[in-house]
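Student: Pasting the sequence and the predicted coordinates here, then a few questions.
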Amino acid sequence: MRHHPPEARQQADRPLRILRDLATGHPGTMLLIGLLALASTAGTLALPWAVGRLIATLGDGAADRWTVWLIVFGLGAALANTLATFLLSRLGQRMICRLRVRTMGHALRLPLADVRREGSGNLVTRITADTSRVKKLIDVGPIQLPIAGLTAIGTLVIMGFLDWLLLAVTVGAFAVAGGLITLVVKRLRRSYVAVQESTGLLAQRFVAAVDAVKVIKAYRAEESVSADLATHAETVARREIDAARMEALMTPVVNLGQQIALVAVITGGGARLVAGTLSLADFVAFLLYLLQLTGPFMMIAAGVTALKMGTVARERFTGLFEKPQESGGETAQPVTVPAGPVPAVQFDHVDFSYGSTPVLRDVSFEVPARGLTAIVGLSGAGKSTAVELIQRFADVTSGSIRVQGRDTRNWPLADLRAQVAYVDQAASSVQDTVRRNLTLGRGDAAFSDGELYAVLHRVGLADEIRRKPQGLDTVLAGDVDLSGGQRQRLAIARAMLTDAPLVLLDEPSSHLDSINEQKLRDLVDDLAATRAVLVVAHRISTIQHADHVVILQSGEVVGQGPHDELLRNCSNYTDLVRGQMLVGPGALA
Ligand SMILES: Nc1ncnc2c1ncn2[C@@H]1O[C@H](COP(=O)(O)OP(=O)(O)OP(=O)(O)O)[C@@H](O)[C@H]1O
């Protein structure tokens with residue numbers, strides 16, 4: 001994994017880079033926006049000059065012409081600015097959309113450990129609060145800020161032509177303001193980093209609380225959890241207020257610069273007007289330019305603020321995109337399944353740790369190409385971890401896992417996972433239709449309704465789905481959802497629809513009633529007749545059917561073999577069974 005120091009990231013996130021992102025696919029529009037911005041600047045700059053000429057030609061025939069120019073410059077500048085702002089906003093929204101799509105796609109392709117570390121709330125903040133901050137940057141950064149800069153420089157140049165002495169006074173006054181603003185901006189960056197980090201953390205906590213809402217209600221913990229969330233919200237508010245304090249300084253500082261300049265220019269310019277060394281037309285034009293200078297300066301101050309906020313937000317995206325996606329075996333040879341009877345899975349002296357905590361130690365066992373293999377053990381023994389490692393949700397610390405004779409690290413990841421039909425412990429479903437849940441990753445048209453109902457019938461779910469408002473097209477979310485047992489059966493149906501040679505079931509019957517459990521046992525037997533089935537089991541009834549049982553204890557294999565043999569020879573197994581760690585009729589056999 002590559003890590004850039006923050007300075008390097010800052011380099012990468014310069015507004016110029018964002019300009020490039022913006023223009024992607026729309027260079028013509030970007031050029032048009034630039035031209036419109038220049039036209040608007042030119043119109044704005046020409047306006048006071050036209051006023052000066054109008055005053056100078058009052059009373060002669062040329063005044064009418066200058067009146068027309070005045071209207072052309074004023075209206076033209078306003079129209080060009082409006083169009084440029086709209087076109088820029090449209091490009092900005094398109095870029096934000098691309099950023100969101102990339103963020104979501106990247107997040108789903110990250111290794112599981114990185115997704116957990118980031119947290120769902122924090123990831124959601126990326127596509128909500130952080131993108132709106134980047135949008136603000138787009139609104140002011142690429143066009144308004146350069147226009148403001150150009151207008152300010154152009155105004156100063158014209159003022160210099162009108163009267164360089166008065167210009168020197170003006171520049172002096174605004175230089176004081178500029179120095180103060182530079183100090184403020186430095187502190188703003190720190191404030192924005194703190195705001196965005198604490199906002200991510202707040203979202204993370206809130207999402208976790210919403211996920212656990214049933215438990216929170218059941219234990220009447222609404223108040224304490226709300227209080228905890230409120231503490232995080234207050235941290236965000238405190239940091240926002242810190243930033244607002246800095247932002248609030250911007251306008252008064254610019255105004256102060258302008259007021260000092262006005263007093264100096266009116267006093268000095270007025271004296272020279274009386275002395276006859278400055279014409280009234282030039283004096284008025286100079287004053288108008290001076291008043292006009294505040295606008296671009298305000299815009300620069302606000303623009304720099306948005307720029308800071310936006311680049312800090314953009315860095316959060318860069319930080320995420322720098323995390324490498326899952327990869328494995330892409331450069332390896334095309335998949336060739338070794339000839340002959342190869343076990344579906346072979347654990348060979350596998351060690352695995354979460355961070356520095358060892359979870360599996362020297363684990364070795366095999367899952368034959370056909371038949372039912374069960375992993376049993378107390379809670380926390382490492383059963384789910386072993387099943388997850390087969391799919392390379394994480395890499396072994398040492399040893400190796402082979403699937404169909406090939407080290408999982410040498411399989412292209414997608415091909416490896418295509419060998420596996422997996423039912424996770426939570427029997428997760430996606431927030432989508434029943435159909436999409438059944439055909440996940442295959443496309444809606446992969447199976448006819450008849451085929452889908454047939455498999456639903458096999459898991460005893462067909463009638464229940466038919467009764468749902470839109471049948472297979474019912475969206476599982478909000479008011480219409482499935483029970484735990486129904487979700488489990490749906491997940492099993494999804495696994496059955498694949499032709500994967502290896503089926504991994506992580507406690508598939510934990511929510512099932514005895515009728516459905518019996519159905520599941522029959523289904524598992526059917527599957528095991530033609531495929532390799534590895535089941536993490538707590539129920540003795542499931543295990544009695546297994547051809548091979550692996551006992552895990554604190555991450556170590558402490559026995560393996562057929563159920564009857566283990567009952568006779570393995571005290572760890574009999575302890576498990578007699579201790580009723582395995583539930584169901586026959587557990588005490
Ligand atoms: N994401 C994780 N990060 C750190 N430790 C974890 C993580 N997931 C599990 N563990 C730890 O790894 C160990 C094995 O967990 P695992 O879920 O594999 O056990 P299990 O045998 O499947 O338990 P159960 O029967 O309760 O589901 C436990 O001590 C657990 O605390």
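Tutor: Perfect, I can see it now.
Student: for the ligand, what are the nearby residues on the stretch 351-500 of the chain?
Tutor: Applying C-beta under 6 Å from any ligand atom, we find that the stretch 351-500 of the chain lies next to the ligand at Y354, V359, G377, S379, G380, A381, G382, K383, S384, T385. For glycine as for every other residue, the C-beta is placed from the backbone atoms N, C-alpha and C.
Student: list the buried ones in the helix or strand that contains the second one?
Tutor: Spelled out, that is V359. Using DSSP states H and E, V359 falls within strand 357-367. For strand 357-367, a neighbour-count test (16 or more other C-beta atoms under 10 Å) marks V359, L360, R361, V363, F365, E366, V367 as buried.
Student: out of those residues, which one sits closest to Q259?
Tutor: Minimum distance to Q259 across the buried residues of strand 357-367 is 68.1 Å, recorded for V359 (C-beta to C-beta).
Student: Next up, the contacts around that closest one.
Tutor: Contact analysis of V359 by C-beta atoms under 8 Å, 6 or more residues apart in numbering lists F352, S353, G382, T385, G555.
Student: What is the neighbour count of T170?
Tutor: Using other C-beta atoms under 10 Å, the number of residues around T170 comes to 26.
Student: That one and L291 touch, don't they?
Tutor: No: T170 is beyond contact range of L291, at 11.2 Å (criterion: C-beta atoms under 8 Å).
Student: how about the residues of this structure that lie near the ligand?
Tutor: By the rule C-beta under 6 Å from any ligand atom, the part of the chain lying against the ligand is R116, Y354, V359, G377, S379, G380, A381, G382, K383, S384, T385.
Student: what about the fifth one, which SS state?
Tutor: Of the three states, S379 takes coil according to DSSP: H, G, I helix; E, B strand; the rest coil.
Student: Show the contacting residues for it.
Tutor: If a contact means C-beta under 8 Å, 6+ apart, then S379 has no contacts.
Student: mind checking how far it is from Y422?
Tutor: S379 sits 20 Å away from Y422, taking C-beta to C-beta, to the nearest Å as the criterion.
Student: Show me where the stretch 401-550 of the chain has its helices.
Tutor: Using DSSP state H, counting those that start in this stretch, the helices of the stretch 401-550 of the chain run over 413-418, 434-438, 449-458, 462-466, 484-497, 514-530, 540-544.
Student: so where is this structure shaky, pLDDT-wise?
Tutor: For the chain, the stretches flagged by pLDDT under 70 are 1-25, 142, 328-340, 443-445, 478-480, 508-512, 579-589.
Student: Which residue ranges of it form strands?
Tutor: Using DSSP state E, the strands of the chain run over 345-354, 357-367, 371-377, 398-403, 406-407, 420-423, 502-506, 532-536, 548-553, 556-561.
Student: Mind picking the two most distant members of the buried residues of strand 357-367?
Tutor: Between any two of the buried residues of strand 357-367 (C-beta to C-beta), the greatest distance is 20.3 Å, for V359 and E366.
Student: What is the end-to-end distance of stretch 455-473?
Tutor: Stretch 455-473 has an end-to-end distance of 16 Å (criterion: C-alpha to C-alpha, to the nearest Å).
Student: Kindly report the same for stretch 120-129.
Tutor: Stretch 120-129 has an end-to-end distance of 14 Å (criterion: C-alpha to C-alpha).
Student: List the buried residues in that stretch.
Tutor: For stretch 120-129, the buried set under the neighbour-count rule, 16+ other C-beta under 10 Å, comprises G121, N122, L123, V124, T125, R126, I127, A129.
Student: ditto for stretch 521-539
Tutor: Neighbour-count burial for stretch 521-539 flags 521, 523-524, 527-528, 531-539 (criterion: 16+ other C-beta under 10 Å).
Student: pull the CA atoms of that stretch into PDB?
Tutor: As requested, the backbone C-alpha atoms of stretch 521-539 are provided in PDB (Å, rounded to 0.1, in the frame of the first residue of the first chain):
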ATOM      1  CA  ARG A 521     -30.600 -30.700   5.600                       C
ATOM      2  CA  ASP A 522     -32.100 -32.400   2.500                       C
ATOM      3  CA  LEU A 523     -30.900 -29.500   0.300                       C
ATOM      4  CA  VAL A 524     -27.400 -29.700   1.700                       C
ATOM      5  CA  ASP A 525     -27.400 -33.500   1.200                       C
ATOM      6  CA  ASP A 526     -28.400 -32.900  -2.500                       C
ATOM      7  CA  LEU A 527     -25.700 -30.300  -2.900                       C
ATOM      8  CA  ALA A 528     -23.100 -32.400  -1.300                       C
ATOM      9  CA  ALA A 529     -23.900 -35.300  -3.700                       C
ATOM     10  CA  THR A 530     -22.300 -33.300  -6.600                       C
ATOM     11  CA  ARG A 531     -20.300 -30.500  -4.900                       C
ATOM     12  CA  ALA A 532     -18.000 -29.800  -2.000                       C
ATOM     13  CA  VAL A 533     -20.000 -28.300   0.900                       C
ATOM     14  CA  LEU A 534     -18.300 -26.800   3.900                       C
ATOM     15  CA  VAL A 535     -20.700 -25.900   6.700                       C
ATOM     16  CA  VAL A 536     -20.000 -24.000   9.900                       C
ATOM     17  CA  ALA A 537     -22.400 -25.800  12.200                       C
ATOM     18  CA  HIS A 538     -23.800 -25.400  15.700                       C
ATOM     19  CA  ARG A 539     -26.500 -28.100  15.300                       C
END
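Student: measure S483 to I147 for me?
Tutor: For S483, the distance to I147 (C-beta to C-beta) stands at 60 Å.
Student: These two - which one has more neighbours?
Tutor: Remark: of S483 and I147, I147 carries more neighbours, 24 against 10, as counted by other C-beta under 10 Å.
Student: hang on, that one packs against S40?
Tutor: Yes: at 6.5 Å, I147 and S40 qualify as touching, with contact defined as C-beta under 8 Å.
Student: Are there residues contacting both of these two? Which ones?
Tutor: Joint contacts of I147 and S40 (C-beta under 8 Å, 6+ apart) are N81.
Student: now the helices of the stretch 401-550 of the chain as CSV including distance to C97?
Tutor: Formatted as CSV, these follow (distance: least, C-beta to C-beta, whole Å):
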stretch, distance to C97
helix 413-418, 26
helix 434-438, 23
helix 449-458, 33
helix 462-466, 35
helix 484-497, 31
helix 514-530, 43
helix 540-544, 48
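Student: Of all the ones you listed, which one is nearest L472?
Tutor: helix 434-438 (4.4 Å).
Student: shouldn't L523 be in contact with L461?
Tutor: No: using C-beta under 8 Å, L523 is not in contact with L461; the gap is 11.8 Å.
Student: which one of the helices of the stretch 401-550 of the chain lies closest to A194?
Tutor: Nearest to A194 among the helices of the stretch 401-550 of the chain is helix 413-418 (37.3 Å), distances taken as C-beta to C-beta.
Student: Tell me which residues of that closest one come out buried.
Tutor: Neighbour-count burial for helix 413-418 [16+ other C-beta under 10 Å]: L413, D415, L416, R417, A418.
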